[in-house]
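Visitor: Next input, structure requested:
(one chain, ligands or ions: 1)
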Amino acid sequence: MTDTSTAPDTAARATEPGTVPTTVHLGANQYGKAEVRLVRVTRDTDRHEIEDLTVTTQLRGTALADSYTDGDNAKVLATDSQKNTVYAFAREHGVHSPEEFLLRLGRHFTTAFDWYDGATLSAEQHTWERITVAGREHDHAFVRAGAGTRTAVVQVDGDDVHVIAGVTDLTVLKSTGSEFHGFPRDGYTTLAETDDRILATSVTARWRYLPDAVAAGIDYDAVHAGVLARMLETFADLHSLALQQTLFAMGRTAIEAFPEIAEVRFSMPNKHHFLVDLAPFGLDNPGEVFFAADRPYGLISGTVVRDGIEEAPAAWLAVPGFV
Ligand SMILES: O=c1[nH]c(=O)c2[nH]c(=O)[nH]c2[nH]1
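Guide: You can find the predicted model right below:
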C-alpha cells in the first residue's frame, strides 16, 4: 500500500483562504486494443490463402466517463473482449478486405453496445506472396512481399462512417528524370541547382472514399491496387521539377481514375542522394556514385482534393501526420 503519511495535505492547501480550489474534468478519451496481430488462413482447398493484419480498436462514448472518473466499469467492454471479437469475426465472416473487416467491427461495436457513440478501427495489412518452386507457385509456402504496407481506417461517429485507405513505406526511386532549380538563394543557400538528380521517397498516402460510395459498396481491393498502380506510373513517368509537383500529380491521377475517391493526403520524405566528390582521388563522377543520406530529410506533405466535394476534417482526426 502507498504510504501517505508524508504526503502534502492537498485538501487543506486547496481551501486555504485566498486560494482557488483546483478542479478538473475529463477531456477527450477513447480506449481499445492496439495492434491485434491477426493471421487468417483460408484452407478450403490445398491451395491456402493468407490474410495478415494488425488491427487497432478504439471506442468512445460519453457514457464511458464514469470509468475514468469513478472506476465504474459497467460499460467498459474489456479491451480483451475487443481483441477476441477481432479473432472471432475473422473466423465467422472472413476478412475480405481490411476496409470491409473494419466496417463490420465498427458497426458491431456501435450497435451491439448502444452506449458507444463512435469508434476508430485501423489496420495495417502485411502481404505475402507465394514462393515459386521449380517454376510453380507453392500452395502453402509464402514470402513477405516488400512494396509498402496497406493501411485502412474506419471512423464511425453516430451515423457518419468514413473509410480511409492507404499505403505506407512505399519506397520508390528514380535514377534520372528529376530536376530541382529555380529556388530562391539567400546568404545561407549552398544547394546547387540540378537538372539531373536521383529522386527517392517513401510514400505514405491515405485516401478518403466519398461517403456515398462507401454506402453503395466499393471493391476496396481493386481500387487499392489501381491507386497504387497509377501512383507508381506517375512517379515513374512524370519528369519531376520538385517532389511537391510529383506529389500533386500522384494524387491527381488517383482521383481522376477512381470516382469513389474524395481526397488524397501524402507525407513524403525526400530521401536525398548526394553525389560524392571523387576529385581528391583523381576520379570523375558523372552521376554514378552517391551518398544516400538518411537524415536530415526534406519532408513534403500535401493534400489533393476533388473539386466540389464536402471536406470531412473529423474523418482525419485518427490519422496523424498529415496537413
Ligand atoms: O523536390 C524538392 N523539393 C524541395 O523543397 C527541396 N528542397 C531541397 O533542398 N531539395 C528539394 N527538392
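Visitor: hey, let's count contacts and neighbours off CA atoms from now on
Guide: Will do.
Visitor: how about the strands of the stretch 151-300 of the chain, start to end?
Guide: With DSSP state E, counting those that start in this stretch, the ranges of strands along the stretch 151-300 of the chain come out as 160-174, 199-209, 261-270, 273-275, 290-292, 298-305.
Visitor: Can you add distance to residue 21 and mean pLDDT and give those back as a markdown table?
Guide: Formatted as a markdown table, those follow (distance: least, C-alpha to C-alpha, whole Å; pLDDT from 0 to 100):
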| stretch | distance to residue 21 | mean pLDDT |
| --- | --- | --- |
| strand 160-174 | 40 | 95 |
| strand 199-209 | 46 | 96 |
| strand 261-270 | 45 | 97 |
| strand 273-275 | 58 | 91 |
| strand 290-292 | 57 | 89 |
| strand 298-305 | 45 | 96 |
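Visitor: Let's have those in JSON lines, adding distance to the ligand and mean neighbour count.
Guide: Below are the strands of the stretch 151-300 of the chain laid out as JSON lines (distance: least, C-alpha to the nearest ligand atom, whole Å; neighbours: other C-alpha atoms under 10 Å):
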{"stretch": "strand 160-174", "distance to the ligand": "13", "mean neighbour count": "19"}
{"stretch": "strand 199-209", "distance to the ligand": "8", "mean neighbour count": "23"}
{"stretch": "strand 261-270", "distance to the ligand": "7", "mean neighbour count": "23"}
{"stretch": "strand 273-275", "distance to the ligand": "10", "mean neighbour count": "16"}
{"stretch": "strand 290-292", "distance to the ligand": "14", "mean neighbour count": "13"}
{"stretch": "strand 298-305", "distance to the ligand": "6", "mean neighbour count": "17"}
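Visitor: Residue 136: which of those strands is closest?
Guide: strand 160-174 (27.7 Å; C-alpha to C-alpha).
Visitor: By mean pLDDT, point me to the weakest helix or strand of this structure.
Guide: helix 10-14 (a mean of 48; mean pLDDT, DSSP states H and E).
Visitor: What is the subsequent helix or strand relative to it?
Guide: For helix 10-14, the following helix or strand on the C-terminal side (DSSP states H and E) is strand 36-42.
Visitor: For that next one, list every residue counted as buried.
Guide: For strand 36-42, burial by neighbour count (16 or more other C-alpha atoms under 10 Å) applies to 36, 38, 39.
Visitor: Could you export those as TSV, including pLDDT?
Guide: Formatted as TSV, those follow (pLDDT from 0 to 100):
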residue	pLDDT
36	94
38	95
39	92
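Visitor: nearest to residue 265, of these?
Guide: Nearest to residue 265 among those: residue 36, at 25.7 Å, using C-alpha to C-alpha.
Visitor: Can you name the residues bridging to the closest one?
Guide: residue 55 (DSSP bridges).
Visitor: Give me the pLDDT value at whichever residue of the stretch 1-150 of the chain sits closest to the ligand.
Guide: Of all residues in the stretch 1-150 of the chain, the one sitting closest to the ligand is residue 148 (21.3 Å; C-alpha to the nearest ligand atom). If you check residue 148, the pLDDT there is 92.
Visitor: Once you drop chain neighbours, what's closest to it?
Guide: Counting by C-alpha to C-alpha, 6 or more residues apart in numbering, residue 170 is the residue found nearest to residue 148 once chain neighbours are left out, at 4.0 Å.
Visitor: correct me, but the one you found touches residue 203?
Guide: Yes. Assessed by C-alpha atoms under 8 Å, residue 170 is found in contact with residue 203 at 4.9 Å.
Visitor: Cool, thanks, talk later.
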